[in-house]
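Participant: Next input, structure requested:
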Amino acid sequence: MKPIDVNPILQKPINLGKKDTDESKVDGKGFGEVLKDSINKVNSLQLEADEAIKSFAKGESKDIHETMIAVQKADISFRMMMQIRNKIVEAYQEVMRMQF
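Facilitator: Numbers count the residues shown, from 1 in each chain. This is a model prediction of the structure:
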C-alpha cells in the first residue's frame, strides 16, 4: 500500500486570526441575530394560531380552513425550530467531546 503524502497539507499557511470577511454573518446579521429572528417568527406564528382558534371558538370566524392552516403553520415551524435546536445541541456536545 502506498503511503499518503501529507506535505501538501502542511504547506498551506494556517490563519488563526480574524478573517477579512466574516463568513458567520448572513445579510449583515450574526448567527445569534438570525436565530433570535427565527424564534420570534415562530412565536408570532404561534400567537396567530392562538388568535385564529380564539376567533373561531367565539364564532367571530366561520372559516375552519384558515384556522387549521394557521395551526399547522405554527406546528410545522415549531417542529422545525426544535430540530434546529437539537442539531445545535448535538454540534455543541460534539465540540465539547473534542480533545485539544
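Participant: Backbone dihedrals for Gly30, both of them.
Facilitator: The phi/psi pair for Gly30 (degrees, to the nearest 10) reads phi -80, psi 170.
Participant: neighbours around Asp63, how many?
Facilitator: Asp63: 11 surrounding residues under other CB atoms under 10 Å. The way it works is simple: take the backbone N, C-alpha and C, and place the C-beta from them, glycine included.
Participant: Model confidence for it, exactly?
Facilitator: Asp63 carries a pLDDT value of 89.
Participant: leaving aside the residues next to it on the chain, what's closest to Lys41?
Facilitator: Nearest-residue entry for Lys41: Ser77, 7.1 Å, with adjacent residues in sequence omitted and distances by CB to CB, 6 or more residues apart in numbering.
Participant: my guess is that neighbour meets Asn40, correct?
Facilitator: No. Applying CB atoms under 8 Å as the test, Ser77 and Asn40 come out as separate, 11.2 Å apart.
Participant: Those two: which is more packed in?
Facilitator: Ser77 (18 against 10).
Participant: which element is that one on?
Facilitator: Ser77 belongs to helix 64-97 when elements are defined using DSSP states H and E.
Participant: for that helix, packing partners?
Facilitator: helix 31-58 (3 or more CB pairs under 8 Å, 6 or more residues apart in numbering; DSSP states H and E).
Participant: which strands and helices sit next to the helix it packs on?
Facilitator: Secondary structure elements in contact with helix 31-58, counted by 3+ CB pairs under 8 Å, 6+ apart, are helix 64-97.
Participant: what's the nearest residue to Asp63 if we skip its chain neighbours?
Facilitator: Beyond its immediate neighbours in the sequence, the residue positioned closest to Asp63 (CB to CB, 6+ apart) is Phe56, lying 7.7 Å away.
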